[in-house]
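Trainee: What follows is a predicted protein model with its sequence.
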Amino acid sequence: ARSYQDQQRRAEELAELDRAKTVFFSNISHEFRTPLTLILGPVAELRDRGDEVPAEQVRRELDVVHRNALRLSKLVTVLLDFSRIEAGRMQASYEPTDLAVLTSELASVFRSAIDKAGLVFTVDCAPLAEPVYLDRGMWEKVVFNLLSNALKFTFDGSIEVTVRPEGRHAVVSVQDTGIGVPDDQIPRLFERFHRIEWPEEGEYGHLGIVDRFDVIGHHAVEVEEELVFRS
């Protein structure tokens, strides 16, 4: 009986994983389509009109193509990361890092967009007594994911990023005055590629933080939207 129950549980887990993969590939297929469209449009215009296109317009069109080609390159990297995770070959490269400086620099990328949205953006990254060992690329994904979601779901008020020491730990916190997460969805926060449907605002989705938070550096624990690094 126990063996049968184990087989059933395993079958359910595999079915859930298949559903997660379907959501992932549906999302990323949509993400690929947008930059491809923005590349093909200018290329088609330049091809069809040829010498009739002014040099200044050519440069603008090529800038659009270049930006979206870079975006496609990043999406390919996401797919490669996904395949490595599934194959159990995802390797983190830990190095001593000034967590306060790095987090502040990453957060500054969002300054312009948050200001344009009319939100108050506060970055308070207190210096730490010692460096934190982490994978810089993976940490960038975490910070960008949290801030992009904060910006997407905060319509008025503020977004705040803080780094502070707490004993021998470093605590990173992202807080916002957005719509929040429904109580019944909180247990699923760390499920890869899980998507919440918002009837009022349409359906939003994201690719998810790569392999949850457990590949970042030291041991990361989620505590009410905080990341606590334990040495």
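Mentor: Received the coordinates, thanks.
Trainee: all strands for the protein, in order.
Mentor: Using DSSP state E, the strands of the chain run over 95-97, 120-125, 132-134, 158-166, 169-176, 197-198, 202-203, 219-222, 226-230.
Trainee: Kindly report which one of the ones you listed carries the lowest mean pLDDT.
Mentor: Among the strands of the chain, strand 219-222 carries the lowest mean pLDDT, a mean of 33.
Trainee: which residues touch residue 185?
Mentor: Neighbouring residues of residue 185 by C-beta atoms under 8 Å, 6 or more residues apart in numbering: residue 196. All C-beta spots, glycine's among them, are computed from the backbone N, C-alpha and C.
Trainee: For it, give its distance to residue 179.
Mentor: Distance of residue 185 to residue 179, computed by C-beta to C-beta, to the nearest Å: 12 Å.
Trainee: now do residue 83
Mentor: As defined by C-beta to C-beta, residue 83 lies at a distance of 33 Å from residue 179.
Trainee: likewise residue 85?
Mentor: Distance, residue 85 to residue 179, by C-beta to C-beta: 29 Å.
Trainee: repeat for residue 76
Mentor: Residue 76 is 32 Å from residue 179, by C-beta to C-beta.
Trainee: Surely residue 126 is in contact with residue 164?
Mentor: Yes. Under the criterion of C-beta atoms under 8 Å, residue 126 makes contact with residue 164 at 5.0 Å.
Trainee: out of those two, which sits in the busier spot?
Mentor: Counted by other C-beta atoms under 10 Å, residue 126 and residue 164 do not tie: residue 164 has more neighbours, with 16 against 11.
Trainee: In this structure that one contacts residue 171, no?
Mentor: Yes. At 5.4 Å, residue 164 counts as touching residue 171 under the criterion of C-beta under 8 Å.
Trainee: quick one: residue 124 and residue 161 touch, right?
Mentor: Yes. If you go by C-beta under 8 Å, residue 124 and residue 161 touch, sitting 7.2 Å apart.
Trainee: Of the two, which one has the most company?
Mentor: residue 161 (24 against 12).
Trainee: gap between that one and residue 167?
Mentor: Between residue 161 and residue 167 the computed distance is 21 Å (C-beta to C-beta).
Trainee: ok, now residue 16?
Mentor: Distance, residue 16 to residue 167, by C-beta to C-beta: 37 Å.
Trainee: Which of those two has more residues huddled nearby?
Mentor: Neighbour count, other C-beta under 10 Å: between residue 16 and residue 167, residue 16 has more, with 11 against 8.
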